[in-house]
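In: Just need the structure, nothing else, for what follows:
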Amino acid sequence: MKRVAILISGGGSNMVRLLESMTGDHPARPVLVLSNDPEAGGLKKAGDMGVPVAAVDHKPFGKDRATFEAKLLEHLDAAKPDILCLAGFMRILTPDFIRHFEGRMLNIHPSLLPKYKGLHTHARALEAGDSEAGCTVHEVTAELDSGRILGQARVPVVAGDTPGTLAARVLHEEHRLYPEVLRSFAEAL
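Out: Okay, here's the model as predicted:
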């Protein structure tokens, strides 16, 4: 059975879907949900689902990412995860942190990578006149949103779409795709 830790920054809707999926014959189980925001709504949701939670507020560390990440690693190393899932974790991680979990860290990104790395993906897809958008689960590497693609889901862009309406349709697919990819990844690890 693989051990999974999840990093979040907000409400944790993808985290909830991952937690819900890790039951029955699933090859993995959650061991920790960790946030950079002690007020993140996802922490209560995870706790209510019986998963251990922790938070390391990034604000007191300012630009000292190495010390912030060392505090994250204290919690993660204690939980001994085999897989680390980023689910709306809104901090860019250093290459040293990423190396610690090399080949074992996943992220979900709200675009069809390699298109639209970084932020504002839905607005950028609409501005470009794309006929479809979607999401990607990928391995995390030191280069932002550039790791090996493990799965993608597509949605059509429809007339009258706004970044918000497009984001809602993409999020629905994220909730389906991320658990599927995590299961396959855990089975193969």
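In: Chain neighbours aside, what residue packs nearest to L76?
Out: Among residues not flanking L76 along the chain, A5 sits closest, at 5.6 Å (CB to CB, 6 or more residues apart in numbering). C-beta coordinates here come from the backbone N, C-alpha and C atoms, glycine included.
In: On the three-state scheme, that neighbour is what?
Out: strand (DSSP: H, G, I helix; E, B strand; the rest coil).
In: cool, and the one 10 residues further on?
Out: Under the three-state scheme (three-state DSSP), the conformation of M15 reads as helix.
In: before we move on, what about G164?
Out: Quick answer, by three-state DSSP: G164 is helix.
In: That one: how many residues sit nearby?
Out: 9 (other CB atoms under 10 Å).
In: what does the model give it for pLDDT?
Out: As summarised for this prediction, G164 has a pLDDT of 97.
In: The residue lying closest to it once chain neighbours are set aside - how many residues pack around it?
Out: Excluding its sequence neighbours, the residue lying closest to G164 (CB to CB, 6+ apart) is H122, at 7.8 Å. Around H122 there are 23 other residues, counting by other CB under 10 Å.
In: now the one 4 residues further on
Out: Other residues near L126 number 16, with proximity taken as other CB under 10 Å.
In: contacting residues around it?
Out: Shown in contact with L126 (CB atoms under 8 Å, 6 or more residues apart in numbering): V157, D161, T162, P163, L166.
In: Okay, and G50 sits in which element?
Out: Under DSSP states H and E, no helix or strand contains G50.
In: go on, D57?
Out: Counting by DSSP H and E, D57 is part of no helix or strand.
In: Kindly report the same for G24.
Out: Using DSSP H and E, no helix or strand contains G24.
In: Relative to M49, how far out is it?
Out: Distance, G24 to M49, by CB to CB, to the nearest Å: 15 Å.
In: higher neighbour count, those two?
Out: Neighbours per residue, other CB under 10 Å: of G24 and M49, the larger number sits with M49, 14 against 5.
In: Quick check: the more buried one vs L19, distance?
Out: In terms of CB to CB, M49 sits 5 Å off from L19.
In: The residue nearest to T67 when sequence neighbours are not counted - how many residues pack around it?
Out: Nearest residue to T67, sequence neighbours excluded (CB to CB, 6+ apart): F61, at 5.5 Å. By other CB under 10 Å, the residues close to F61 number 16.
In: Likewise for L112?
Out: Here the count is done by other CB under 10 Å, and L112 has 21 residues near it.
In: and it, which of the three is it?
Out: coil.
In: now I108
Out: From three-state DSSP, the assignment for I108 is strand.
In: who does it bridge with?
Out: Residues in a beta bridge with I108, per DSSP bridges, are V137.
In: re earlier: please name the residues that touch the residue nearest to T67.
Out: Counting by CB under 8 Å, 6+ apart, F61 touches T67, F68, K71.
In: Okay then, goodbye and thanks.
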